[in-house]
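Asks: Sharing a model that was predicted from the sequence below.
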Amino acid sequence: SMCISSSQAPLSSARSSWLLATSNNSSRGSPKGLWSLGWFSKRQTQQTASMTTEAEISHAHRELEDYKKAVFEVNQDTFAEVVLKSDIPVIVNIYADWCGPCRKFTPRLEESVMPHVGKLKLAKINIDASPQIAASLGVKTIPAVFWFWKGQKQGGFVGRIPQEELDHFIADALKKGAGK
């Protein structure tokens, strides 16, 4: 599945519903309102919170720090520094918030890159915020994924691909980065 690029795409219904629920002051949008509706009780919330251990918090903190080292939101101003001047291979994911296939594929791509922190980066580029980058790469359909090594585009694909193909794509970038 793919999306055709358009800067005039509407917000997804799920995102607009979330925005409405969190931005308006009705009882449906506030935690207090959710308790009164019986969605969850204060007791359940306290039990869940007390089950979180220091080790779990520490692990979550490490995962967040690794994420910050591996995944970057890139725009016109940061593209050269993050992608072209990188000393490790960079996978570039061009997406849009309104693109359904992008919303399904991007988390899987992030998850596939995370085990390779320090050996590989993921640069996420929102096509609506940085259309110049997408145009310079010839992107007309999203999601579009490329990988760069030493400032040069090495390969890529358009649309979602099966996990096995994604694993091979990442392995190719890692081999090149390791000099193999």
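Replies: Received the coordinates, thanks. Numbering: from 1, shown residues only.
Asks: Skip the chain neighbours and tell me the closest residue to Ile88.
Replies: Leaving aside its sequence neighbours, Ile88 sits nearest to Gly177 (Cβ to Cβ, 6 or more residues apart in numbering; 5.4 Å). In short, each C-beta sits where N, CA and C put it, glycine included.
Asks: residues touching that neighbour, list them.
Replies: Contacts were defined as Cβ atoms under 8 Å, 6 or more residues apart in numbering; by that measure Gly177 touches 88-89, 119-120, 149.
Asks: of these, buried ones?
Replies: With neighbours counted using 16 or more other Cβ atoms under 10 Å, the contacts of Gly177 contain these buried positions: 88-89, 120, 149.
Asks: Which stretches in this structure count as helices?
Replies: Using DSSP state H, the helices of the chain run over 13-23, 31-36, 42-51, 54-70, 79, 100-113, 131-136, 163-177.
Asks: average pLDDT for the second one?
Replies: Looking back up the chat, that one is helix 31-36. Along helix 31-36, the predicted confidence averages to a pLDDT of 42.
Asks: hmm, which helix or strand of this protein has the shakiest average pLDDT?
Replies: Within the chain, no helix or strand scores below helix 13-23, which has a mean of 38 by mean pLDDT, DSSP states H and E.
Asks: what's the closest of the contacts of Gly177 to Glu81?
Replies: Using Cβ to Cβ, Ile88 comes nearest to Glu81 of the contacts of Gly177, at 13.5 Å.
Asks: Does the closest one touch Gly118 like I think?
Replies: Yes: with contacts counted by Cβ atoms under 8 Å, Ile88 reaches Gly118, the gap being 7.4 Å.
Asks: Stretch 91-101 - what's its average pLDDT?
Replies: On average, the pLDDT along stretch 91-101 is 95.
Asks: CA atoms only for that stretch - export them in CSV, please.
Replies: Only the C-alpha atoms of stretch 91-101 are listed here, as CSV (Å, rounded to 0.1, in the frame of the first residue of the first chain):
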residue,chain,number,x,y,z
ILE,A,91,18.0,5.0,6.5
VAL,A,92,15.8,7.8,5.3
ASN,A,93,12.0,7.3,5.7
ILE,A,94,9.9,9.8,3.8
TYR,A,95,6.3,9.8,5.2
ALA,A,96,3.3,11.9,6.0
ASP,A,97,1.1,11.9,9.1
TRP,A,98,-2.1,11.5,7.0
CYS,A,99,-0.7,8.4,5.1
GLY,A,100,-2.2,5.2,6.4
PRO,A,101,0.5,2.9,5.0
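Asks: For it, which residues meet the burial criterion?
Replies: Within stretch 91-101, the residues scored as buried using 16+ other Cβ under 10 Å are 91-96, 98-99, 101.
Asks: And stretch 99-109, by the same measure?
Replies: Judged by neighbour count using 16+ other Cβ under 10 Å, the buried positions of stretch 99-109 are 99, 101-103, 105-106, 109.
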